[in-house]
Structure formats: C-alpha cells, structure tokens
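**Student:** The following comprises the amino acid sequence and a computationally predicted model.
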Amino acid sequence: MPLSKGQKIVALVFLISFIITMIWAYRSDARINKMFYKNVWVVLISVLLIFGAIIVLIKISHSY
C-alpha cells in the first residue's frame, strides 16, 4: 500500500523531531552516564563469555 504525500510529510517531521530529541537527551545525560557507567565494558565482556560458555557446553553435550 503506497503512502500518500501527507503521510510522508508526517513521517519526515516525526523522524526529524525524534532525532533532535534523541541528540538533546544524549547530550544532557552524557555527563551523568560517564560518572555511573565507568566499567560497563566489563559487564559486556562477562555476558559474552557466559554466552560463549553456554554455547560450548551445548555443543559438547550434543556431540555425545
């Protein structure tokens, strides 16, 4: 179903306002996030290692 010209305009206005709002929110939270989320990469690596271990254990258990 093709979009009408009005629907395209509404979508474009929404997209532009959404992007502007996200940029504003990111900039206002950037200082606070640096303070509270210093070592978030450690959590990410831990989660990836746990998922990797689960995958290895599943592959080992299915090979028997």
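**Tutor:** Looks like it came in fine.
**Student:** need the next SSE after the helix or strand containing Trp24, C-terminal direction.
**Tutor:** Assessed by DSSP states H and E, Trp24 sits inside helix 5-36. Read in the C-terminal direction, the helix or strand following helix 5-36 is helix 40-62, with elements assigned using DSSP H and E.
**Student:** what about Val43, how many neighbours?
**Tutor:** The burial count assigned to Val43 is 10, neighbours taken as other Cβ atoms under 10 Å. All C-beta atoms are positioned from the backbone trio N, CA, C, and that covers glycine.
**Student:** Ok, Ser28 next?
**Tutor:** When neighbours are counted by other Cβ under 10 Å, Ser28 comes out with 9.
**Student:** swap in Gly6?
**Tutor:** Using other Cβ under 10 Å, Gly6 has 8 other residues around it.
**Student:** Please report how far Leu3 lies from Leu15.
**Tutor:** The spacing between Leu3 and Leu15, counted by Cβ to Cβ, to the nearest Å, is 13 Å.
**Student:** same deal with Lys38?
**Tutor:** Taking Cβ to Cβ, one finds Lys38 at 33 Å from Leu15.
**Student:** next one: stretch 37-46 to chain centre, how far?
**Tutor:** Mean C-alpha position of stretch 37-46 versus that of the full chain (Cα atoms, centre = their mean, to the nearest Å) differs by 15 Å.
**Student:** Averaged pLDDT, it. What do you get?
**Tutor:** Throughout stretch 37-46, pLDDT has a mean value of 89.
**Student:** So which bits of it are buried?
**Tutor:** Neighbour counts using 16 or more other Cβ atoms under 10 Å place no residue of stretch 37-46 among the buried ones.
**Student:** pull the CA atoms of it into PDB?
**Tutor:** Taking only C-alpha atoms (Å, rounded to 0.1, in the frame of the first residue of the first chain), the coordinates of stretch 37-46 have been written out as PDB:
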ATOM      1  CA  TYR A  37      28.800   3.700  33.800                       C
ATOM      2  CA  LYS A  38      32.600   3.700  34.000                       C
ATOM      3  CA  ASN A  39      33.200   0.000  33.700                       C
ATOM      4  CA  VAL A  40      30.200  -1.100  31.600                       C
ATOM      5  CA  TRP A  41      32.600  -2.900  29.200                       C
ATOM      6  CA  VAL A  42      33.400  -5.400  31.900                       C
ATOM      7  CA  VAL A  43      29.800  -6.400  32.200                       C
ATOM      8  CA  LEU A  44      29.600  -6.700  28.400                       C
ATOM      9  CA  ILE A  45      32.600  -9.000  28.200                       C
ATOM     10  CA  SER A  46      31.300 -11.000  31.100                       C
END
